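A.B. asks: what's the 3D shape of this:
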Amino acid sequence: MYPMVFYVVVMAFVATLAVVILRQRSLYVLFLATYLHHFVVPFLYTNHYVGKEPAYGLFLFKDILLLELFAWSAVLLLTRFRRPWPLPMTPLLVLTFYCAFRFLVGAVFLGDEWGSGLIKMKMICFPLEILIVVMTLTALHPEFGKRFLRNMTYVLAVLAVVAVAIFVLAPRDFWLEHANIAEYNREIKGDTENEQDFDTGVPGSATMGARAEAFADFASLRAVGTFGDALTLSFQMAVPVLLLSFYFPKTPASVLMLLMSGAAMLCSLSRSGWVFAAVVGTCVLVRRRHYKLLLSVGSALLAVVLLWPPMTQFAVDTVSNLSPSAENADTFHAEGLLYFYTRGFSDPGNILGKGTRSEVRQIPEIGYAYLLEFFGLVAYGSFLWFCFALYRQFGKGSQPDPLGVFVQGISVGMLVVMHFSQYPFAFTEFISVWYVVGFGLSRYLLLKTNPGEEPVQLRRRAPLGNVVIGPGLAH
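C.D. replies: Below is the predicted model:
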C-alpha cells in the first residue's frame, strides 16, 4: 500500500511541475498521456520495466493532471472573467453538483459504497473539468487554442497511421507478447476478468465477437491502436475525420490525414463511433445547406455497405439483432432501449436515483439509464438541458459560424450516442470532442482585466457570422 501511495504522490508532484512550468501548454501533456497510456504503460508493465505500483501511478497521472489543471483554471475563471458564463455551463453545473450531493447522501446515510461511487463521480465530473480547463485557457490564450486544435488533429492523424499499421502488419500475438492490455486492465485498472480476452491480450470488446462471421477474411481483431480499445479509437478518430472534412482547408496533407483517420475509424468496427461521426457530419451539412454534398456522401456510404460483402453482412446482422428476442450480445442495446422507455420512468426508485451500487442498475447499456438509475431524474434532465443549451448557444446569427456549426453537431451526436452508453462521460473516448466544445465556448467569455492589463478581445453571445476562430469551413 505504501509504495503505491508513494508513486501516486510522485505523479502528483510531476503533474504540479508540468502545470507550473508549462502552464497552458501542459494540455499537450494531458492529451498525449490520454492517447498513449493504454499502449505505453501496458508495454512497460508487460516487459517488466515497471512493477504494479509505478504502473498504477502512471495510470492515474492523467487524472491527477486534469484535476490540477481544473483547480488552476477554476481560479482563473472566477477571478478573470465576468458572469454570466456560456449558457451550457448552468445545466452542467446542476448535473455535477446534484450528482455529487446524491452520491454523498447515499454514501453517508444509505450505505452506498464509497469506492464505486467515487469512480462514477469521476466520470460525472469529467465534462465539467475538461470544459472549464479548455474554455478558460483558450479564452486567455486564443492563439494557443487555435494552434492546439490544429496540432491535436495532426497527432490523432499520426496515431491513426500507427493504429492501421498495427492492425494490418502486427501478428495476432502482438498485444499478448509486447503490450498485454488485458493483464494491465485486470491488474492495474481493476476491470473485471470477463471483460478481457487473455488469449490475445486485449479487452474483450476488441475481439470480433458478433462481427467474426462478417469480417472473417478481413481481420481477427478490431483495431485499437494506442488507445487500448476499439470504441475509444473510433471516437477519437471521429474528431480528425470531422475537422479535416468540414473545418480545416483542403490541402494534399490534410486529405492524406483524413484518409488515414477514416481508415483507422473503419478498422475499429465500432458502430457507436460511426454513428456519432455520421450524425455530426449530417448536422454540419444540413446547417450549411449543403444538401447535394449530403446526398453524395450518403450515397457513397450506402454503396460501401451494399457493395462490400463483409459490411453488407455486418449491416444485416446489426438490423436482425435489434429485436430483444434475438440470441446475441448485441441485443443488450435493444433490450436497454426497450426497458428504458417502457420502465425507466415508471420506476419510483429512479425519481431520486437508487444510489451508486452497481447492482441497482436494471437497464443494460443505455447511458441515459446510467444517469437515471444511479442519480435520478434531475441528472437525466440536466444532461438533456445541457445538450439543448449547447445547441442553442451556437444557434444565433444569420450566418452559421464554422466551429459553432461543428459544436451544434456534437450536441446532437451526444444526444444520440447516449442511447448506446455513457460515452460523453468517458475520459479516453471523449476528451478530444470536449476540447472542440470548450474551444468553441471560449469565445463567449468576456475577459475582465485589471487596470494596465491588455484585454483579450472576446465577445459573449456575439452573432456567429461576426466571430470566427480558426480557418473557415471548407466548401
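
A.B. asks: Quick one: the strands in the stretch 51-200 of the chain, in order.
C.D. replies: 196-197 (DSSP state E, counting those that start in this stretch).

A.B. asks: no, scratch that, I was asking about the stretch 201-350 of the chain
C.D. replies: Using DSSP E, counting those that start in this stretch, strands in the stretch 201-350 of the chain cover 202-203.

A.B. asks: pLDDT weak spots in it?
C.D. replies: 205-220, 317-331 (pLDDT under 70).

A.B. asks: repeat that with 50
C.D. replies: Residues of the stretch 201-350 of the chain that meet the criterion pLDDT under 50 lie in 326.

A.B. asks: That one: helices as residue ranges?
C.D. replies: Ranges of helices in the stretch 201-350 of the chain, per DSSP state H, counting those that start in this stretch, are 230-246, 252-267, 271-287, 291-307, 309-320, 331-339.

A.B. asks: Please render those as CSV that adds distance to residue 34 to the earlier fields.
C.D. replies: Backbone N, C-alpha and C define where each C-beta goes, glycine included. Shown next, in CSV, are the helices of the stretch 201-350 of the chain (distance: least, CB to CB, whole Å):
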stretch, distance to residue 34
helix 230-246, 9
helix 252-267, 16
helix 271-287, 16
helix 291-307, 29
helix 309-320, 29
helix 331-339, 26
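
A.B. asks: highest average neighbour count across these?
C.D. replies: helix 230-246 (a mean of 27; mean count of other CB atoms under 10 Å).

A.B. asks: Between helix 291-307 and it, find me the angle.
C.D. replies: 140 degrees (axes from the mean of the first three to the mean of the last three CA atoms, to 10 degrees).

A.B. asks: Helix 230-246 packs against which elements?
C.D. replies: helix 142-169, helix 252-267, helix 271-287, helix 402-417, helix 427-441 (3 or more CB pairs under 8 Å, 6 or more residues apart in numbering; DSSP states H and E).

A.B. asks: Next, the angle helix 402-417 makes with that helix.
C.D. replies: Relative orientation of helix 230-246 versus helix 402-417 (the same axes, to 10 degrees): 150 degrees.

A.B. asks: sorry, back to before: show me the one of the helices and strands packed on helix 230-246 that comes nearest residue 387.
C.D. replies: Proximity to residue 387 (CB to CB) singles out helix 402-417 among the helices and strands packed on helix 230-246, at 4.7 Å.

A.B. asks: what's in contact with the closest one?
C.D. replies: With contact meaning CB atoms under 8 Å, 6 or more residues apart in numbering, helix 402-417 is reached by 242-243, 246-247, 272, 275-277, 279-284, 287-288, 367, 384, 387-388, 390-391, 393-395, 423-424, 433, 436-437, 439-441, 464, 468-473.

A.B. asks: correct me, but residue 282 touches residue 294?
C.D. replies: Yes. Shown here, residue 282 and residue 294 form a contact pair, counting by CB atoms under 8 Å, at 6.5 Å.

A.B. asks: looking at the helices of the stretch 201-350 of the chain, which is closest to residue 15?
C.D. replies: Per CB to CB, nearest to residue 15 of those: helix 230-246, 22.1 Å.

A.B. asks: Could you give the separation of the closest one from the chain centroid?
C.D. replies: Computed by CA atoms, centre = their mean, to the nearest Å, the chain-centroid distance of helix 230-246 equals 10 Å.

A.B. asks: okay, the angle between that helix and helix 252-267?
C.D. replies: 150 degrees.

A.B. asks: Just give me the neighbour total for residue 250.
C.D. replies: Using other CB atoms under 10 Å, residue 250 has 12 neighbouring residues.
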